[in-house]
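Student: this one's structure only:
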């Protein structure tokens with residue numbers, strides 16, 4: 001069994017930033033400011049009855065206690081942990097409600113203590129309570145009427161494809177009946193707005209950065225995926241972190257205006273493009289070798305944003321003569337203030353144990369899970 005770690009990172013620094021246009025390479029490059037991190041304490045919890053291999057970690061509150069929710073969609077379970085008392089609370093089966101039977105699930109998104117979005121492949125979205133009883137559901141394979149901008153709804157982001165703003169549900173879409181390597185894919189909107197009260201699609205919106213459709217022959221691997229979240233200072237503003245853009249997009253959900261803020265990593269300069277022809281033979285595995293921008297998060301306790309950046313690495317590890325791991329790889333975290341001003345960037349040295357894929361914010365900082373050689377315990381590291 002794997003054991004998991006909580007990584008808590010506290011950052012202090014000062015800097016400035018300004019707006020720029022949408023492009024792969026930002027005109028404005030913030031001066032690199034390294035931010036250190038250090039281990040504060042280690043929490044160890046016996047894991048004899050815990051079976052999850054977690055792909056996502058979220059934080060919530062139950063009965064006035066801070067709870068870690070670790071989801072394993074391969075086994076369709078969520079394990080709950082008491083963060084303060086260092087104990088396993090319970091294991092919840094995700095697919096106990098008949099509405100969820102035999103549906104391949106891709107995401108679980110907790111929006112409140114008793115409201116959880118569950119995203120299934122094929123455009124099926126469910127709203128459930130904390131016991132996984134389905135409260136409402138939307139089958140977008142039936143709702144959507146295919147047109148030149150919208151064919152279906154799909155979980156493109158593998159970790160954040162749906163969110164709610166009032167009575168409006170926003171979901172990522174598959175804008176064209178084609179593959180994501182096709183140039184036309186990036187010439188169409190990337191999300192739809194659905195009114196859950198009126199039960200209708202109100203519009204499609206959100207444009208990919210122009211440079212993603214400029215090259216007819218090449219594209220960046222998985223650049224259709226992105227990380228998004230609502231701005232803390234304005235709930236009608238959406239912040240989007242694209243895999244191949246040094247800048248963050250700020251999308252106004254009312255006017256649909258798009259602007260860009262520089263948020264470049266010191267460890268990412270050029271992107272290696274590959275042929276749009278899906279049958280092309282590559283001399284490398286982009287998932288292993290390519291550096292890219294990943295998850296964007298907001299920390300309400302410290303009033304800052306975090307942007308995770310994976311670093312490039314060789315395909316083959318010279319020490320083991322085997323392929324490097326695409327998940328446990330070098331990465332860093334950019335820190336931005338509430339106005340998206342650059343504060344600095346922190347390198348995570350212990351990347352061989354701490355995966356960049358799942359992260360959440362708790363009262364003490366950023367939380368990551370990790371593997372551990374001791375399979376009888378779940379371990380949490382607190383770092384600042």
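Tutor: Perfect, thanks for sending it. Source: prediction; values computed, not measured. Residues are numbered from 1 along each chain as shown.

Student: alpha carbons only for contacts and neighbour counts from here, please
Tutor: Noted.

Student: any stretches of the protein with poor pLDDT?
Tutor: Per-residue confidence of the chain (counting by pLDDT under 70) places the weak regions at 1-29, 49, 51-52, 155-159, 177, 278-281.

Student: residues touching the residue most central in space within it, list them.
Tutor: For the chain, the residue nearest the mean C-alpha position is residue 295 (4.1 Å; Cα atoms, centre = their mean). Taking Cα atoms under 8 Å, 6 or more residues apart in numbering, we find residue 295 in contact with 226-227, 241, 306-309, 357.

Student: that one and residue 322, how far apart?
Tutor: The gap separating residue 295 from residue 322 is 27 Å, by Cα to Cα, to the nearest Å.

Student: what about residue 214, how many residues nearby?
Tutor: 13 (other Cα atoms under 10 Å).

Student: what sits against the closest residue to residue 116 other than its chain neighbours?
Tutor: With Cα to Cα, 6 or more residues apart in numbering as the measure, residue 110 is the residue that lies nearest to residue 116, at 4.4 Å, once sequence neighbours are left out. The contact partners of residue 110, by Cα under 8 Å, 6+ apart, come to 58, 116-117.

Student: can you map out the helices along the stretch 151-300 of the chain?
Tutor: Assigned helices in the stretch 151-300 of the chain, in chain order: 286-289 (criterion: DSSP state H, counting those that start in this stretch).

Student: how about the strands in it?
Tutor: Listed in chain order, the strands of the stretch 151-300 of the chain (DSSP state E, counting those that start in this stretch) span residues 152-153, 162-165, 168-174, 189-195, 200-207, 218-219, 226-230, 237-242, 247-252, 258-262, 274-275, 292-299.

Student: of those strands, which is nearest residue 30?
Tutor: Distances from residue 30 to each of those were compared by Cα to Cα, and the smallest falls on strand 258-262, at 7.8 Å.

Student: got the angle for that closest one vs strand 200-207?
Tutor: Computed with axes from the mean of the first three to the mean of the last three Cα atoms, to 10 degrees, the direction of strand 258-262 lies at 40 degrees from that of strand 200-207.

Student: for strand 258-262, packing partners?
Tutor: Helices and strands touching strand 258-262, by 3 or more Cα pairs under 8 Å, 6 or more residues apart in numbering; DSSP states H and E, are strand 247-252.

Student: give me the contact list for stretch 133-147.
Tutor: By Cα under 8 Å, 6+ apart, the surrounding residues in contact with stretch 133-147 are 96-97, 99, 122-129, 150-153, 200-201.

Student: now swap in stretch 162-169 and tell me
Tutor: Counting contacts by Cα under 8 Å, 6+ apart, the residues outside stretch 162-169 that touch it are 109, 111, 117, 119, 170-172, 193-197, 235.

Student: residue 48: which of those is nearest?
Tutor: Proximity of the contacts of stretch 162-169 to residue 48 was ranked by Cα to Cα; the top entry is residue 109 with 26.9 Å.

Student: count the neighbours of that closest one for me.
Tutor: There are 19 residues near residue 109, going by other Cα under 10 Å.

Student: host element of it?
Tutor: When secondary structure is defined by DSSP states H and E, residue 109 falls within strand 105-112.

Student: pipe the contacts of stretch 162-169 into TSV and attach distance to residue 332 per row.
Tutor: Compiled in TSV, these are given as follows (distance: Cα to Cα, whole Å):
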residue	distance to residue 332
109	24
111	27
117	29
119	29
170	29
171	28
172	27
193	33
194	35
195	38
196	38
197	41
235	27
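
Student: most neighbours, which of those?
Tutor: So for the contacts of stretch 162-169 (other Cα under 10 Å), the most neighbours sit at residue 119, 28 neighbours.

Student: now do it against residue 260, distance only.
Tutor: Following Cα to Cα, the distance that separates residue 119 from residue 260 is 29 Å.

Student: could you do residue 303 as well?
Tutor: As defined by Cα to Cα, residue 303 lies at a distance of 20 Å from residue 260.

Student: please apply the same query to residue 193.
Tutor: On the measure of Cα to Cα, residue 193 and residue 260 end up 22 Å apart.

Student: also residue 48?
Tutor: Per Cα to Cα, residue 48 is found 48 Å from residue 260.

Student: more neighbours: these two, which one.
Tutor: residue 260 (22 against 11).

Student: excluding covalently adjacent residues, which one is nearest to the more buried one?
Tutor: Leaving aside its sequence neighbours, residue 260 sits nearest to residue 249 (Cα to Cα, 6+ apart; 4.6 Å).

Student: is that neighbour in a bridge, and if so with what?
Tutor: Beta-bridge pairing of residue 249, defined through DSSP bridges, involves residue 240, residue 260.

Student: wait, isn't it in contact with residue 258?
Tutor: Yes. Using Cα atoms under 8 Å as the test, residue 249 is close enough to residue 258 to be in contact (6.6 Å).

Student: many thanks, have a good one.
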